[in-house]
Structure formats: structure tokens, C-alpha cells
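K.L.:
take this sequence and fold it.
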Amino acid sequence: HFCPPQQAEVLSCGVSAEVLSVSRVLATSQRPQDYITQVGTDGQENMERGRGAGGDQRPTPACCAAITLLQDAQAAAENALNGENLRSVLRQLAIGVHAVVYEHILRFHFSPGGGLQLKWDLSELNRLVAGFDHGSAAVTAQYSALKALANLFIVAPESLAGMLDDHPQMSQEEFLKILALRTDYHSAKIASFFQSTIDLLPFFRF
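P.N.:
Purely as a prediction, here's the structure:
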């Protein structure tokens with residue numbers, strides 16, 4: 001059975017409040033250095049607390065805080081709802097959090113080691129949302145695509161050319177916007193390389 005309109009509106013407001021809480025905790029807890037490694041005298045990347053670049057692969061504190069909020073929200077929903085009402089609430093929550101996390105990513109810059117750290121954070125988020133009874137293949141696909149974004153910060157510049165087709169959900173402009181978040185964007189001259197490559201792409205797409 002579906003909720004009556006008034007109850008559905010209350011649930012929708014609750015989801016919006018939860019999404020806002022996740023947005024706030026990410027904004028206040030995530031630090032720029034979480035995703036930028038320093039290069040040591042040996043030329044290797046070093047990451048604070050050993051995360052990301054070959055460390056113990058822990059999610060960032062900001063990610064942990066967001067995951068805790070979402071786990072609590074999931075438990076509360078599962079205790080109060082069932083059936084399609086539960087699926088609808090968890091689906092709305094997953095969609096809202098996806099938008100928040102994508103916008104959150106755009107606020108940072110990423111070294112290769114930082115890209116690994118982001119991938120670990122997004123893996124934790126994917127694992128949680130996979131446990132939501134949201135009943136939506138589209139939501140699952142959205143989160144898989146979100147996790148795949150991290151690869152754009154990890155691979156060597158010369159390997160980026162073939163990756164646009166790996167992200168069909170993104171426009172060419174969005175693809176370049178993501179690449180501009182790489183810490184080597186200017187030093188590796190990624191912009192000039194990709195502009196010439198992208199200009200040719202329409203001639204090869206049928």
C-alpha cells in the first residue's frame with residue numbers, strides 16, 4: 001500500500017533533510033589534503049595517515065561520517081516502512097545523495113593517490129547503497145558511474161584519450177570539467193591534448 005499524500009509529503013521532507021545533513025557533514029569534514037598527496041624526496045607520493053597511495057585504504061573521516069548518517073537513516077526507514085513505501089524512500093535518498101556527492105567531488109582537486117582515496121570512499125558509498133532496497137537499476141548504474149569517475153584521476157595522462165567513451169553519461173564539456181580537477185592538469189598539458197582529440201570525436205561517432 002502507498003502512503004496517503006500527507007504522509008508521503010512528510011517522508012519526502014525527511015529525505016530532503018537527510019540529504020542536506022549528508023551535504024553539510026561532507027562540506028564541513030572533508031579537507032583538500034584528503035585527496036592530494038605530497039611527493040617525497042624519493043619521487044613517490046606520500047599520503048597523510050597512509051591512506052590512498054598503497055596505505056591501509058581507509059575511507060576518509062568525512063566519508064565515514066556520511067556513511068554513519070546514511071546507515072542511521074536506512075535503519076530508521078526499515079523500522080518504519082515496508083514494501084513500495086520503503087523502496088520509494090530509499091530510492092529518493094540514494095538519488096539525492098548521488099547529486100550531493102557529485103557536486104562535492106567538483107569542489108576538490110585530485111592527485112593520483114588522491115584519486116585512489118576517492119575511489120575507496122566511493123566504494124564504501126556504493127557498498128552501502130547496494131544494500132538499500134530501492135528497486136532501481138538506474139540508481140545502481142548511477143552509483144557505478146560515479147565510482148568510475150575516480151579512475152580519471154588515477155590513470156596516466158596518456159591513458160586518458162580512450163576514456164571518454166567509458167563515460168557515456170557525461171558530455172564532452174563535463175568530461176573536461178572533471179579532468180581539470182587533476183593536480184597535473186596544467187603540467188601535463190591535458191587541456192590542449194584533449195581539445196584536439198575531442199574536436200575529432202564527432203567524425204568517428206555514428
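
K.L.:
the residue nearest to residue 22 when sequence neighbours are not counted sits in which helix or strand?
P.N.:
In space, and not counting its chain neighbours, residue 22 is closest to residue 66: 5.1 Å by C-beta to C-beta, 6 or more residues apart in numbering. For every residue, glycine as well, the C-beta is placed using N, CA and C. Residue 66 belongs to helix 61-80 when elements are defined using DSSP states H and E.

K.L.:
kindly export that helix (C-alpha atoms) in CSV.
P.N.:
The C-alpha coordinates for helix 61-80 follow below in CSV (Å, rounded to 0.1, in the frame of the first residue of the first chain):
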residue,chain,number,x,y,z
PRO,A,61,36.7,10.7,8.1
ALA,A,62,34.2,12.8,6.1
CYS,A,63,33.1,9.6,4.2
CYS,A,64,32.8,7.7,7.4
ALA,A,65,30.6,10.4,8.9
ALA,A,66,28.4,10.5,5.9
ILE,A,67,28.1,6.7,5.8
THR,A,68,27.1,6.7,9.5
LEU,A,69,24.3,9.2,8.8
LEU,A,70,23.0,7.1,5.9
GLN,A,71,23.1,3.9,7.9
ASP,A,72,21.0,5.5,10.6
ALA,A,73,18.6,6.8,8.0
GLN,A,74,18.4,3.3,6.4
ALA,A,75,17.7,1.7,9.8
ALA,A,76,15.0,4.2,10.6
ALA,A,77,13.3,3.8,7.3
GLU,A,78,13.4,0.0,7.5
ASN,A,79,11.9,0.1,11.0
ALA,A,80,9.0,2.4,10.0
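
K.L.:
which residues does it contact?
P.N.:
18, 21-22, 25-26, 29-31, 34, 59, 86, 89-90, 93, 97, 121, 124-125, 128, 131-133 (C-beta atoms under 8 Å, 6 or more residues apart in numbering).

K.L.:
look at residue 134 and tell me its secondary structure.
P.N.:
Of the three states, residue 134 takes coil under DSSP: H, G, I helix; E, B strand; the rest coil.

K.L.:
what about the residue lying closest to it once chain neighbours are set aside, how many residues close to it?
P.N.:
With C-beta to C-beta, 6+ apart as the criterion, residue 134 has its nearest non-adjacent residue at 4.0 Å, and that residue is residue 91. Neighbourhood size, residue 91 [other C-beta atoms under 10 Å]: 19.
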